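# Model the following, please.
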Amino acid sequence: VDLGLRHLAITSEGETFDTPQYLRKSEKRLKRMQRSVSRKKRGSNRRKKAVHILALMHERVANQRKDYAHKLSRSLVNRFGLIAFEDLNTLGMVKNHHLAKSIADAGWYQLVQFTKYKAESAGRIVKQVDPRNTSQLCSHCGEIVKKELKERIHNCQHCGYVADRDVNAAINILQRATA
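Numbers count the residues shown, from 1 in each chain. As a prediction, the model looks like this:
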């Protein structure tokens, strides 16, 4: 399984699971509630009530993300005996201020953790592999094909293999897990 921002998860079979982006969809309401809290006088009952409502909205977003991760992890565990994920350094990736909100909203770590414990109870195997060059390496011939992040199609000049960049990465992840 390749983890990404455009699609939360992409399997080596080419199946994609979209990122629901619950935080992005609730941002307007959250901003409005945050402004409402900041306008209230500190220590007042109205401020306490507004803070409570804001906390409930944040909790709702977190619960939506958690629910989706539970459903997706259950689907993966039910269908596959071996599930391989990239061992991503999400804490390091969140330091990139351009992608931090999207990475946090995707909830990669939560998905991997839920899949691990469900697979353990179901007798399935979950492995995490080194993500280095998974999208650059050709899954067909093993040559490294350099490409920028905006290039979404893997096109190998050596063997002529053409596939979606994320599907190619998912195949490479599976190959590393089985090797």
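
# Any buried residues in the lengthiest helix in the chain, and which?
Longest helix in the chain by number of residues, with DSSP state H as the criterion: helix 45-79. Neighbour-count burial for helix 45-79 flags 47, 50, 54, 61, 65, 68-69, 72-73, 76-77 (criterion: 16 or more other CB atoms under 10 Å). C-beta here means a position set from N, CA and C on the backbone, and glycine is covered the same way.

# who does the helix or strand where residue 28 lies touch, helix- and strand-wise?
Under the criterion of DSSP states H and E, residue 28 resides in helix 22-39. For helix 22-39, the packing partners by 3 or more CB pairs under 8 Å, 6 or more residues apart in numbering; DSSP states H and E come out as helix 45-79, helix 100-106.

# hmm, try it at 6 Å
helix 45-79 (3 or more CB pairs under 6 Å, 6 or more residues apart in numbering; DSSP states H and E).

# Can you name the next helix or strand after the helix it packs on?
Downstream of helix 45-79 (by DSSP H and E), the next one is strand 82-86.

# And the contacts of that following strand?
Contact with strand 82-86 is made by 1, 3, 76, 112, 115, 125-129, 131, 173-174, 177, as judged by CB atoms under 6 Å, 6 or more residues apart in numbering.

# Report the spatially nearest residue to the most centrally placed residue in the chain, omitting neighbours in sequence.
Nearest residue to the geometric centre of the chain (CA atoms, centre = their mean): residue 108, 3.6 Å. Excluding its sequence neighbours, the residue lying closest to residue 108 (CB to CB, 6 or more residues apart in numbering) is residue 3, at 4.7 Å.
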